[in-house]
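Undergrad: Task: produce atomic coordinates for the following.
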Amino acid sequence: MKSRNRGRRTGAVVLALCVLALAAFASSASAAYQKAKFDKASVALTTTGLTLERNGGSAKTCTPKTAISGKVVESSFAMVSAPFGFPVLFACSGSTELEMVLYMEAQRDPLTGATRVQLTNNSGSRISPWGSYSAQSPAVPYTNGTGAATPSTINFNKTVIGSDGTGNLTLTGTFNVMYNATETVKIVP
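TA: Have a look, this model is predicted:
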């Protein structure tokens with residue numbers, strides 16, 4: 001009888017340790033990205049066009065109305081805007097517009113080296129081709145480049161940028177991120 005109870009206690013202890021280990025792993029996995037830095041003092045974004053969709057359909061092609069650039073503040077935040085302030089305006093197909101706030105925080109996973117930007121300060125009501133939408137602040141993958149031939153990129157892939165009364169607005173496409181004509185902007189630890 002004693003050995004049966006001892007076996008149950010041992011099994012319970014092993015189970016408890018497994019649960020704690022899984023909880024610790026899940027916690028570290030969800031908190032993997034940490035604040036990082038941009039390696040330059042300013043950024044300029046260019047794109048040949050982004051695809052905006054509402055509820056997976058009704059696609060619109062959007063391009064910036066003006067140049068997009070900004071200053072890096074405290075090495076980890078890029079405050080990106082159009083020449084005359086915020087938000088950034090895009091001209092979309094069908095003679096419509098999209099507006100976004102592109103404040104970006106640099107983030108890096110110290111285990112894998114993966115980088116991303118967390119769009120911040122993007123809350124509030126913004127304009128879309130379908131009317132106003134409630135903006136969200138997604139994390140978007142960032143790929144460090146090597147120079148003019150291979151610039152750094154921000155890669156939207158059906159990324160939810162907000163929602164209106166009928167569903168989610170998603171963005172697909174790439175921004176090239178440069179410092180000047182020959183130097184790219186990297187995210188570093």
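
Undergrad: which residues does the closest residue to residue 164 other than its chain neighbours form a beta bridge with?
TA: Spatial nearest neighbour of residue 164, excluding adjacent residues (CB to CB, 6 or more residues apart in numbering): residue 133 at 4.3 Å. No exception for glycine: its C-beta is placed from N, CA and C like everyone else's. Beta-bridge pairing of residue 133 under DSSP bridges involves residue 126.

Undergrad: For residue 133, which residues are in contact?
TA: Going by CB atoms under 8 Å, 6 or more residues apart in numbering, residue 133 touches 125, 126, 127, 162, 163, 164, 169.

Undergrad: Outline the domain layout of the chain.
TA: 1-31, 34-188 (automatic domain parsing).

Undergrad: Now the first one: average pLDDT?
TA: It refers to domain 1-31. Mean pLDDT, domain 1-31: 46.

Undergrad: What of stretch 74-86?
TA: 82.

Undergrad: same check, this time on stretch 176-189
TA: Mean predicted confidence for stretch 176-189 is 95.

Undergrad: Show me what counts as buried in it.
TA: 176, 177, 178, 179, 183, 184, 185, 186, 187 (16 or more other CB atoms under 10 Å).

Undergrad: how about it as CSV, C-alpha atoms only?
TA: C-alpha atoms of stretch 176-189 as CSV (Å, rounded to 0.1, in the frame of the first residue of the first chain):
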residue,chain,number,x,y,z
ASN,A,176,11.9,49.6,-48.0
VAL,A,177,13.7,51.3,-45.1
MET,A,178,16.8,53.4,-45.9
TYR,A,179,18.9,56.0,-44.2
ASN,A,180,20.1,57.6,-47.4
ALA,A,181,20.7,56.4,-51.0
THR,A,182,23.3,53.8,-50.0
GLU,A,183,22.8,53.0,-46.3
THR,A,184,20.0,50.9,-44.9
VAL,A,185,18.6,51.1,-41.4
LYS,A,186,19.1,48.0,-39.3
ILE,A,187,17.6,46.9,-36.0
VAL,A,188,20.3,45.9,-33.6
PRO,A,189,20.4,44.7,-29.9
